[in-house]
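Participant: need a structure here:
(one chain, ligands or ions: 2)
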Amino acid sequence: MDGLDDVFGDIFSGVDAVVLFGPSGSYYERFSSVDELDVIVVGTENVVSAETFVELPLEFEDVAERISFGLEGALQQDIIEDGDVLACATSVFSDSIDTVSRVRADADSKTGIYDLFSRSRADPEVIKAVLELAIELGKKGQKGKPVGALFVVGDAGKVMNKSRPLSYNPFEKSHVHVGDPIVSVMLKEFSRLDGAFVISDSGKIVSAYRYLEPSAEGVDIPKGLGARHMAGGAITRDTNAIAIALSESDGMVRAFKGGELLIEVDPEAY
Ligand SMILES: Nc1ncnc2c1ncn2[C@@H]1O[C@H](COP(=O)(O)OP(=O)(O)OP(=O)(O)O)[C@@H](O)[C@H]1O
Ligand SMILES: [Mn+2]
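Facilitator: Ligands and ions are numbered 1, 2, ... in the order given. So this is what the prediction gives:
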(Lines give C-alpha, C1' and ligand atoms only; values in the text may rest on other atoms or scores of the structure.)
(Ligands and ions follow the chains in the order given, each with its own letter.)
Protein backbone atom coordinates (compact mmCIF):
# COMPACT_ATOMS: atom_id res chain seq x y z
CA MET A 1 0.00 0.00 0.00
CA ASP A 2 3.06 2.20 -0.28
CA GLY A 3 1.71 3.59 -3.52
CA LEU A 4 -1.49 4.86 -1.91
CA ASP A 5 0.43 6.58 0.88
CA ASP A 6 2.43 8.42 -1.76
CA VAL A 7 -0.67 9.65 -3.51
CA PHE A 8 -2.99 10.37 -0.59
CA GLY A 9 -0.07 11.64 1.50
CA ASP A 10 -0.34 14.93 -0.39
CA ILE A 11 -3.59 15.60 1.44
CA PHE A 12 -1.91 15.98 4.79
CA SER A 13 1.70 16.79 3.89
CA GLY A 14 2.90 20.07 5.32
CA VAL A 15 -0.33 20.91 7.10
CA ASP A 16 -0.23 23.50 9.89
CA ALA A 17 -2.77 21.66 12.01
CA VAL A 18 -5.24 18.83 12.05
CA VAL A 19 -8.85 19.78 12.69
CA LEU A 20 -11.01 16.98 14.10
CA PHE A 21 -14.77 17.41 13.82
CA GLY A 22 -16.58 15.63 16.64
CA PRO A 23 -13.95 12.96 17.35
CA SER A 24 -14.42 10.18 19.89
CA GLY A 25 -12.16 10.19 22.94
CA SER A 26 -9.93 7.37 21.71
CA TYR A 27 -9.61 8.91 18.26
CA TYR A 28 -8.56 12.23 19.77
CA GLU A 29 -6.05 10.49 22.06
CA ARG A 30 -4.29 8.93 19.09
CA PHE A 31 -3.68 12.37 17.60
CA SER A 32 -2.53 14.03 20.79
CA SER A 33 0.35 11.56 21.03
CA VAL A 34 1.72 12.51 17.58
CA ASP A 35 4.82 14.68 18.04
CA GLU A 36 4.67 18.37 17.21
CA LEU A 37 1.21 18.21 15.76
CA ASP A 38 -1.35 20.93 16.46
CA VAL A 39 -4.74 19.36 16.97
CA ILE A 40 -7.92 21.43 16.98
CA VAL A 41 -11.25 19.91 17.95
CA VAL A 42 -14.49 21.34 16.57
CA GLY A 43 -17.92 20.32 17.81
CA THR A 44 -21.09 21.33 19.56
CA GLU A 45 -19.55 20.22 22.86
CA ASN A 46 -16.01 19.58 24.00
CA VAL A 47 -16.68 15.98 25.05
CA VAL A 48 -13.04 14.94 24.65
CA SER A 49 -11.79 17.84 26.83
CA ALA A 50 -9.54 19.02 24.02
CA GLU A 51 -7.02 21.72 24.85
CA THR A 52 -7.89 23.63 21.68
CA PHE A 53 -11.60 23.68 20.99
CA VAL A 54 -13.93 25.58 18.66
CA GLU A 55 -17.62 25.45 19.41
CA LEU A 56 -20.16 24.87 16.64
CA PRO A 57 -23.59 26.25 17.55
CA LEU A 58 -25.33 23.70 15.33
CA GLU A 59 -24.74 20.27 13.87
CA PHE A 60 -24.23 21.22 10.24
CA GLU A 61 -25.45 18.47 7.91
CA ASP A 62 -23.60 19.92 4.96
CA VAL A 63 -19.93 18.99 5.29
CA ALA A 64 -18.59 22.01 3.43
CA GLU A 65 -20.66 24.28 5.70
CA ARG A 66 -19.49 22.43 8.79
CA ILE A 67 -15.84 22.84 7.81
CA SER A 68 -16.14 26.48 6.70
CA PHE A 69 -17.94 27.38 9.88
CA GLY A 70 -15.43 25.57 12.09
CA LEU A 71 -12.51 27.29 10.37
CA GLU A 72 -14.24 30.67 10.62
CA GLY A 73 -14.56 30.11 14.35
CA ALA A 74 -10.91 29.06 14.64
CA LEU A 75 -9.82 32.18 12.73
CA GLN A 76 -12.01 34.33 14.94
CA GLN A 77 -10.41 32.90 18.08
CA ASP A 78 -6.89 33.33 16.61
CA ILE A 79 -6.29 29.59 16.80
CA ILE A 80 -5.35 29.53 13.12
CA GLU A 81 -4.19 32.22 10.71
CA ASP A 82 -5.16 33.32 7.25
CA GLY A 83 -3.39 31.02 4.77
CA ASP A 84 -2.89 28.12 7.18
CA VAL A 85 -3.34 24.73 5.59
CA LEU A 86 -5.52 22.37 7.59
CA ALA A 87 -6.30 18.69 7.35
CA CYS A 88 -9.96 18.61 8.36
CA ALA A 89 -11.23 15.20 9.44
CA THR A 90 -14.95 14.65 9.74
CA SER A 91 -17.67 12.05 9.38
CA VAL A 92 -19.72 11.91 6.20
CA PHE A 93 -21.09 8.39 5.86
CA SER A 94 -20.93 7.11 9.41
CA ASP A 95 -20.85 8.32 12.99
CA SER A 96 -17.09 8.13 13.13
CA ILE A 97 -14.48 10.11 11.23
CA ASP A 98 -14.17 8.73 7.70
CA THR A 99 -13.12 11.69 5.53
CA VAL A 100 -10.21 14.13 5.34
CA SER A 101 -10.27 17.43 3.44
CA ARG A 102 -7.26 19.64 2.84
CA VAL A 103 -8.40 23.24 3.26
CA ARG A 104 -6.60 26.59 3.24
CA ALA A 105 -7.96 29.07 5.78
CA ASP A 106 -9.13 32.21 4.05
CA ALA A 107 -9.93 35.22 6.20
CA ASP A 108 -11.49 36.99 3.20
CA SER A 109 -14.14 34.35 2.80
CA LYS A 110 -15.45 35.22 6.26
CA THR A 111 -19.23 35.12 6.11
CA GLY A 112 -19.96 36.78 9.46
CA ILE A 113 -22.27 33.91 10.16
CA TYR A 114 -20.12 32.77 13.08
CA ASP A 115 -20.71 36.07 14.89
CA LEU A 116 -24.39 35.91 14.15
CA PHE A 117 -24.89 32.45 15.63
CA SER A 118 -22.32 32.19 18.36
CA ARG A 119 -22.56 35.43 20.19
CA SER A 120 -26.22 36.20 20.15
CA ARG A 121 -28.76 36.07 22.93
CA ALA A 122 -31.22 34.10 20.88
CA ASP A 123 -30.91 30.32 20.55
CA PRO A 124 -28.80 29.45 17.46
CA GLU A 125 -31.54 27.06 16.29
CA VAL A 126 -34.00 29.95 16.32
CA ILE A 127 -31.67 32.21 14.35
CA LYS A 128 -31.11 29.45 11.81
CA ALA A 129 -34.86 28.84 11.46
CA VAL A 130 -35.58 32.54 10.90
CA LEU A 131 -32.75 32.88 8.39
CA GLU A 132 -34.13 29.89 6.51
CA LEU A 133 -37.65 31.36 6.59
CA ALA A 134 -36.40 34.65 5.14
CA ILE A 135 -34.49 32.82 2.41
CA GLU A 136 -37.51 30.67 1.58
CA LEU A 137 -39.75 33.73 1.49
CA GLY A 138 -37.24 35.47 -0.76
CA LYS A 139 -37.12 32.54 -3.15
CA LYS A 140 -40.84 32.11 -3.50
CA GLY A 141 -42.21 35.57 -2.88
CA GLN A 142 -45.92 35.99 -2.32
CA LYS A 143 -47.92 34.63 -5.25
CA GLY A 144 -44.93 35.20 -7.51
CA LYS A 145 -44.41 38.83 -6.46
CA PRO A 146 -41.37 39.87 -4.43
CA VAL A 147 -42.07 40.49 -0.75
CA GLY A 148 -40.15 42.26 1.94
CA ALA A 149 -40.01 41.33 5.61
CA LEU A 150 -38.19 42.18 8.79
CA PHE A 151 -37.57 39.77 11.68
CA VAL A 152 -36.15 40.94 14.98
CA VAL A 153 -34.86 38.00 16.99
CA GLY A 154 -34.02 37.96 20.70
CA ASP A 155 -34.26 40.43 23.59
CA ALA A 156 -37.97 40.72 22.76
CA GLY A 157 -39.00 42.67 25.87
CA LYS A 158 -36.66 45.50 25.05
CA VAL A 159 -37.57 45.38 21.37
CA MET A 160 -41.26 45.70 22.32
CA ASN A 161 -40.40 48.73 24.44
CA LYS A 162 -38.72 50.39 21.51
CA SER A 163 -41.53 49.81 19.05
CA ARG A 164 -45.27 50.33 18.66
CA PRO A 165 -48.08 48.40 16.99
CA LEU A 166 -49.20 49.32 13.49
CA SER A 167 -52.20 47.04 13.71
CA TYR A 168 -53.74 44.39 15.95
CA ASN A 169 -51.23 41.67 16.84
CA PRO A 170 -52.31 38.31 15.41
CA PHE A 171 -49.88 36.53 17.77
CA GLU A 172 -51.23 38.26 20.90
CA LYS A 173 -52.73 35.18 22.54
CA SER A 174 -51.05 32.46 20.53
CA HIS A 175 -48.06 30.33 21.33
CA VAL A 176 -46.55 30.00 17.91
CA HIS A 177 -42.91 29.02 17.63
CA VAL A 178 -40.64 29.58 14.61
CA GLY A 179 -40.05 25.83 14.29
CA ASP A 180 -43.77 25.04 13.87
CA PRO A 181 -44.79 23.90 10.37
CA ILE A 182 -47.66 26.38 10.24
CA VAL A 183 -45.30 29.32 10.74
CA SER A 184 -43.95 29.57 7.25
CA VAL A 185 -47.51 29.80 5.89
CA MET A 186 -48.53 32.39 8.49
CA LEU A 187 -45.46 34.52 8.02
CA LYS A 188 -45.87 34.52 4.27
CA GLU A 189 -49.42 35.74 4.73
CA PHE A 190 -48.51 38.45 7.24
CA SER A 191 -45.39 39.60 5.42
CA ARG A 192 -47.61 41.45 2.95
CA LEU A 193 -48.34 43.87 5.76
CA ASP A 194 -46.19 46.54 7.25
CA GLY A 195 -43.72 46.49 10.07
CA ALA A 196 -41.55 43.90 11.78
CA PHE A 197 -41.97 40.51 13.42
CA VAL A 198 -40.65 40.29 16.97
CA ILE A 199 -39.34 36.86 18.06
CA SER A 200 -38.13 35.84 21.52
CA ASP A 201 -34.77 34.21 22.40
CA SER A 202 -36.48 30.82 22.43
CA GLY A 203 -38.32 31.36 19.14
CA LYS A 204 -41.80 32.38 20.25
CA ILE A 205 -43.40 34.83 17.84
CA VAL A 206 -44.26 37.70 20.12
CA SER A 207 -45.73 40.11 17.62
CA ALA A 208 -46.24 41.07 13.99
CA TYR A 209 -46.81 44.61 12.64
CA ARG A 210 -44.37 46.35 14.94
CA TYR A 211 -43.11 49.74 13.91
CA LEU A 212 -39.59 50.00 15.30
CA GLU A 213 -38.47 53.25 16.84
CA PRO A 214 -34.83 52.73 17.77
CA SER A 215 -32.36 55.55 17.97
CA ALA A 216 -30.38 55.53 14.74
CA GLU A 217 -27.38 57.13 16.38
CA GLY A 218 -24.07 55.40 15.67
CA VAL A 219 -25.63 53.02 13.18
CA ASP A 220 -23.36 52.30 10.27
CA ILE A 221 -25.21 50.54 7.49
CA PRO A 222 -24.48 50.81 3.77
CA LYS A 223 -26.00 53.76 1.95
CA GLY A 224 -28.85 52.99 -0.37
CA LEU A 225 -30.75 50.74 1.99
CA GLY A 226 -34.08 52.18 3.05
CA ALA A 227 -36.17 52.56 6.18
CA ARG A 228 -36.73 48.84 6.80
CA HIS A 229 -33.00 48.15 6.84
CA MET A 230 -32.18 51.26 8.84
CA ALA A 231 -34.76 50.35 11.48
CA GLY A 232 -33.59 46.71 11.52
CA GLY A 233 -29.95 47.71 11.83
CA ALA A 234 -30.62 50.34 14.47
CA ILE A 235 -32.69 48.11 16.76
CA THR A 236 -29.70 45.76 17.03
CA ARG A 237 -27.58 48.55 18.41
CA ASP A 238 -30.22 49.66 20.85
CA THR A 239 -30.95 46.10 22.10
CA ASN A 240 -29.29 42.66 22.11
CA ALA A 241 -31.47 41.46 19.28
CA ILE A 242 -30.33 40.51 15.80
CA ALA A 243 -32.37 41.54 12.76
CA ILE A 244 -32.95 39.66 9.52
CA ALA A 245 -34.36 41.66 6.63
CA LEU A 246 -35.66 40.47 3.29
CA SER A 247 -35.59 43.31 0.80
CA GLU A 248 -38.58 43.73 -1.45
CA SER A 249 -36.55 45.81 -3.87
CA ASP A 250 -33.38 43.77 -4.42
CA GLY A 251 -34.48 40.39 -3.05
CA MET A 252 -31.48 40.02 -0.72
CA VAL A 253 -31.55 38.70 2.83
CA ARG A 254 -29.43 40.70 5.25
CA ALA A 255 -28.61 40.13 8.90
CA PHE A 256 -27.67 42.86 11.35
CA LYS A 257 -26.10 42.76 14.76
CA GLY A 258 -24.72 45.48 17.01
CA GLY A 259 -25.87 48.07 14.46
CA GLU A 260 -23.80 46.52 11.68
CA LEU A 261 -24.55 44.52 8.57
CA LEU A 262 -23.05 41.05 9.17
CA ILE A 263 -24.22 38.95 6.28
CA GLU A 264 -25.84 39.38 2.92
CA VAL A 265 -27.18 36.35 1.06
CA ASP A 266 -28.96 35.93 -2.24
CA PRO A 267 -31.88 33.51 -1.71
CA GLU A 268 -31.54 32.40 -5.32
CA ALA A 269 -28.12 31.00 -4.49
CA TYR A 270 -29.61 28.44 -2.07
N1 LIG B 1 -39.26 51.69 11.47
C2 LIG B 1 -39.80 50.64 10.86
N3 LIG B 1 -40.19 49.55 11.59
C4 LIG B 1 -40.74 48.49 11.00
N5 LIG B 1 -40.93 48.37 9.69
C6 LIG B 1 -40.55 49.40 8.90
C7 LIG B 1 -39.96 50.57 9.44
N8 LIG B 1 -39.70 51.42 8.42
C9 LIG B 1 -40.10 50.78 7.30
N10 LIG B 1 -40.60 49.58 7.58
C11 LIG B 1 -41.18 48.60 6.64
O12 LIG B 1 -40.39 48.53 5.49
C13 LIG B 1 -41.20 48.69 4.33
C14 LIG B 1 -40.39 49.22 3.21
O15 LIG B 1 -39.85 50.50 3.52
P16 LIG B 1 -38.61 51.07 2.69
O17 LIG B 1 -38.84 50.83 1.22
O18 LIG B 1 -38.31 52.45 3.13
O19 LIG B 1 -37.46 50.12 3.24
P20 LIG B 1 -36.25 49.48 2.45
O21 LIG B 1 -35.17 49.36 3.45
O22 LIG B 1 -35.99 50.22 1.19
O23 LIG B 1 -36.79 48.02 2.14
P24 LIG B 1 -36.98 47.33 0.71
O25 LIG B 1 -35.58 46.99 0.23
O26 LIG B 1 -37.78 46.11 1.01
O27 LIG B 1 -37.70 48.32 -0.17
C28 LIG B 1 -42.31 49.58 4.82
O29 LIG B 1 -43.45 49.41 4.01
C30 LIG B 1 -42.55 49.04 6.22
O31 LIG B 1 -43.35 47.88 6.19
MN1 LIG C 1 -37.44 50.48 -0.42
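
Participant: Close to ligand 1: what parts of the stretch 151-270 of the chain are there?
Facilitator: Proximity of the stretch 151-270 of the chain to ligand 1 (C-beta under 6 Å from any ligand atom) is limited to residues 194-196, 211-212, 225-229, 231, 247-249. All C-beta atoms are positioned from the backbone trio N, CA, C, and that covers glycine.

Participant: from the residues you listed, which ones fall inside helices?
Facilitator: Assigned to helices by DSSP state H, the following of those qualify: 227-229, 231.

Participant: tell me what the helix or strand harbouring I244 is packed against?
Facilitator: Using DSSP states H and E, I244 maps to strand 242-246. The contact analysis (3 or more C-beta pairs under 8 Å, 6 or more residues apart in numbering; DSSP states H and E) places strand 242-246 against helix 124-140, strand 149-153, helix 227-238, strand 253-257.

Participant: which parts of stretch 191-205 are buried?
Facilitator: For stretch 191-205, burial by neighbour count (16 or more other C-beta atoms under 10 Å) applies to 191, 195-201, 203-205.

Participant: Tell me which two of these sit farthest apart.
Facilitator: Comparing every pair within the buried residues of stretch 191-205 by C-beta to C-beta identifies S191 and D201 as the most remote, at 22.0 Å.

Participant: Other residues contacting the helix or strand harbouring I67?
Facilitator: Following DSSP H and E, one finds I67 within helix 63-76. In this structure, residues lying in contact with helix 63-76 by C-beta atoms under 8 Å, 6 or more residues apart in numbering are 19, 21, 40, 42, 54-56, 60, 80-82, 86, 88, 90, 92, 99, 101, 103, 105, 107, 109-111, 113-115, 118.

Participant: now stretch 96-106
Facilitator: By C-beta under 8 Å, 6+ apart, stretch 96-106 touches 10-12, 15, 20-24, 27, 63, 67, 71, 74-75, 80-93.

Participant: filter these to the buried ones?
Facilitator: Among those, those classed as buried by 16+ other C-beta under 10 Å are 15, 20-23, 67, 71, 74-75, 80, 84, 86-90.

Participant: Mind checking which of these are in helices?
Facilitator: Using DSSP H, the members of the buried ones among the contacts of stretch 96-106 that fall within helices are 67, 71, 74-75.

Participant: Could you find which two of those are furthest from each other?
Facilitator: Maximum pairwise distance among those (C-beta to C-beta): 12.4 Å, between I67 and L75.

Participant: What separation do you get for the closest residue to ligand 1 within the stretch 1-150 of the chain and L131?
Facilitator: For the stretch 1-150 of the chain and ligand 1, the shortest gap (C-beta to the nearest ligand atom) falls at G148, measuring 3.3 Å. As judged by C-beta to C-beta, to the nearest Å, G148 and L131 stand 16 Å apart.

Participant: Check V253 too.
Facilitator: Counting by C-beta to C-beta, the gap from V253 to L131 is 7 Å.

Participant: just V206 next, same as before
Facilitator: Between V206 and L131 the computed distance is 18 Å (C-beta to C-beta).

Participant: more crowded one of those two?
Facilitator: More neighbours surround L131 than the other of V206 and L131, with 21 against 18 (other C-beta atoms under 10 Å).

Participant: distance of the nearest residue to that one once chain neighbours are set aside from ligand 2?
Facilitator: Distances taken as C-beta to C-beta, 6 or more residues apart in numbering place I244 nearest to L131, at 5.9 Å, with adjacent residues excluded. Going from I244 to ligand 2 by C-beta to the ion, to the nearest Å gives 16 Å.

Participant: burial count for I244?
Facilitator: If you count neighbours by other C-beta under 10 Å, I244 ends up with 27.

Participant: ok, it touching I135?
Facilitator: No. Between I244 and I135 there is no contact under C-beta atoms under 8 Å: 9.4 Å.
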